[in-house]
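> pasting the structure only:
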């Protein structure tokens, strides 16, 4: 078993998918971020404004900054993650278009605002499958965060090119209820593909 609880074969399979997806993301069309932001906004705009955790993008990732601005304009409280030391869930800080940003761990950027707790969490990923399983960068931050905030509404997001036929699953991996791409909402049917 590895530190994540994964069997060595599962951990190796996850590493291979991460490597392939990082390369694929470097080739992704950045204009797809706008389409994906529009789909996320359409999914969210029917809800009353709440506290939503977005993400400041790293290179080659989906850029949620336009969505963050748009949601802020209609009354949503935007939070962005701060990456704590390994083994802890994420910390979310309040963001607005005028707040100062600071560098975080692993090349991330986060607001300098007060800490708050999200009602909705937009969950980034490197890869996903139709069962709702996602593969992140391997630190387990979102897994621990979602486990610590079970009442938060989790919505995954990714480019459609990040879909793979099968994500290897370890003992702590939990599927997302929905993953939004620039083309569709992937909504797994519980148990159908397990």
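Received the coordinates, thanks. Just so you know, these numbers come straight off a predicted model, no measurement behind them.
> from residue 56, how far off is the nearest residue to residue 99 once chain neighbours are set aside?
For residue 99, ignoring the flanking residues on the chain, the nearest one in space by CB to CB, 6 or more residues apart in numbering is residue 111 at 4.9 Å. (Glycine included, C-beta is placed from N, CA and C.) Remark: distance between residue 111 and residue 56 (CB to CB, to the nearest Å) = 8 Å.
> for those two, list the residues in contact with both.
Residues touching both residue 111 and residue 56 (CB atoms under 8 Å, 6 or more residues apart in numbering) are 80, 101.
> quick check: the gap between residue 108 and residue 142.
As judged by CB to CB, residue 108 and residue 142 stand 13 Å apart.
> what segments of the protein are strands?
For the chain, strands defined by DSSP state E occupy the ranges 51-53, 77-82, 91-95, 101-103, 109-111, 115-116, 120-123, 127-128, 134-135, 153-157, 179-180, 185-186.
> could you dump those strands to CSV with distance to residue 18, mean neighbour count and mean pLDDT?
Shown next, in CSV, are these (distance: least, CB to CB, whole Å; neighbours: other CB atoms under 10 Å; pLDDT from 0 to 100):
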stretch, distance to residue 18, mean neighbour count, mean pLDDT
strand 51-53, 22, 23, 98
strand 77-82, 19, 23, 96
strand 91-95, 24, 21, 97
strand 101-103, 23, 11, 87
strand 109-111, 22, 19, 88
strand 115-116, 30, 13, 97
strand 120-123, 16, 22, 97
strand 127-128, 7, 24, 95
strand 134-135, 6, 24, 94
strand 153-157, 16, 22, 96
strand 179-180, 17, 25, 96
strand 185-186, 20, 16, 90
